[in-house]
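**Q** Here is the input, now give the coordinates:
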Amino acid sequence: MSVWKPNINRRKEPRFRVGWTATLTCYSADTEESIEAKVTEISINGARLQLKTLKIGRHHLVVGGDAIRLTLRVTLQQIAFCAPVAVVWYSAGREKESFDLGVKFLFTADEGRAAIEKLLADVALESANRQ
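**A** Residues are numbered from 1 along each chain as shown. Reported below is the predicted structural model:
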């Protein structure tokens, strides 16, 4: 039996701190609604978002919610990407009146993953230059 040990990083891929504006769009059978989000961390597998609410229109964001499809869109000067995502966790945010939302990328095409990989290579380079 394994024992849970706090403060041990179990992530398989590096995660980078960023401050990007994004759009989280919810697609259901009859609607398409979006909210603004802030991407605060990103890796090849997913991202941490900061939101003002856990609701998009009439839909609540829940872990494993299969009734809706979510897409995260980020547009930066050097690149734009759009990827389907799934909610894997959420919590009260670090900032007052906000929520943190963990999403994983659901890549259906190699080009979507390639766009994230290119973006992360640029972020890693910028991060190394700052140190």
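**Q** okay, CA-based contacts and neighbour counts for the rest of this
**A** Noted.
**Q** which residues in this structure form strands?
**A** Using DSSP state E, the strands of the chain run over 16-27, 32-42, 46-51, 55-56, 59-60, 69-75, 80-92, 99-105.
**Q** Show me the contact partners of the third one.
**A** Put plainly, it is strand 46-51. 36-42, 85, 93, 98-105 (C-alpha atoms under 8 Å, 6 or more residues apart in numbering).
**Q** For that strand, the averaged confidence score.
**A** Strand 46-51 shows an average pLDDT of 93 in the prediction.
**Q** Give me the sheet partners of that strand and which way each runs.
**A** Here strand 46-51 is paired, per DSSP bridges, with strand 32-42 (antiparallel), strand 99-105 (antiparallel).
**Q** With mean neighbour count, distance to residue 126 and mean pLDDT added, can I get these in CSV?
**A** Below are the strands paired with strand 46-51 laid out as CSV (neighbours: other C-alpha atoms under 10 Å; distance: least, C-alpha to C-alpha, whole Å; pLDDT from 0 to 100):
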stretch, mean neighbour count, distance to residue 126, mean pLDDT
strand 32-42, 18, 14, 91
strand 99-105, 21, 23, 91
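**Q** To residue 78, which of those strands lies closest?
**A** When the strands paired with strand 46-51 are compared by C-alpha to C-alpha, strand 32-42 sits nearest residue 78, at 16.2 Å.
**Q** Need the nearest residue in space to residue 32, chain neighbours excluded.
**A** Distance criterion C-alpha to C-alpha, 6 or more residues apart in numbering; nearest residue to residue 32, sequence neighbours excluded, is residue 26 at 5.7 Å.
**Q** Beta-bridge partners for that neighbour, please?
**A** residue 33, residue 70.
**Q** Next up, the contacts around it.
**A** Residue 26 touches 32, 33, 34, 56, 68, 69, 70, 71, counting by C-alpha under 8 Å, 6+ apart.
**Q** one more time with 10 Å
**A** 32-35, 55-57, 59-61, 68-72, 84 (C-alpha atoms under 10 Å, 6 or more residues apart in numbering).
**Q** before we move on, what about residue 106?
**A** With the criterion set at C-alpha under 10 Å, 6+ apart, residue 106 makes contact with 45, 46, 70, 71, 83, 84, 85, 86, 112, 113.
**Q** Noted, bye for now.
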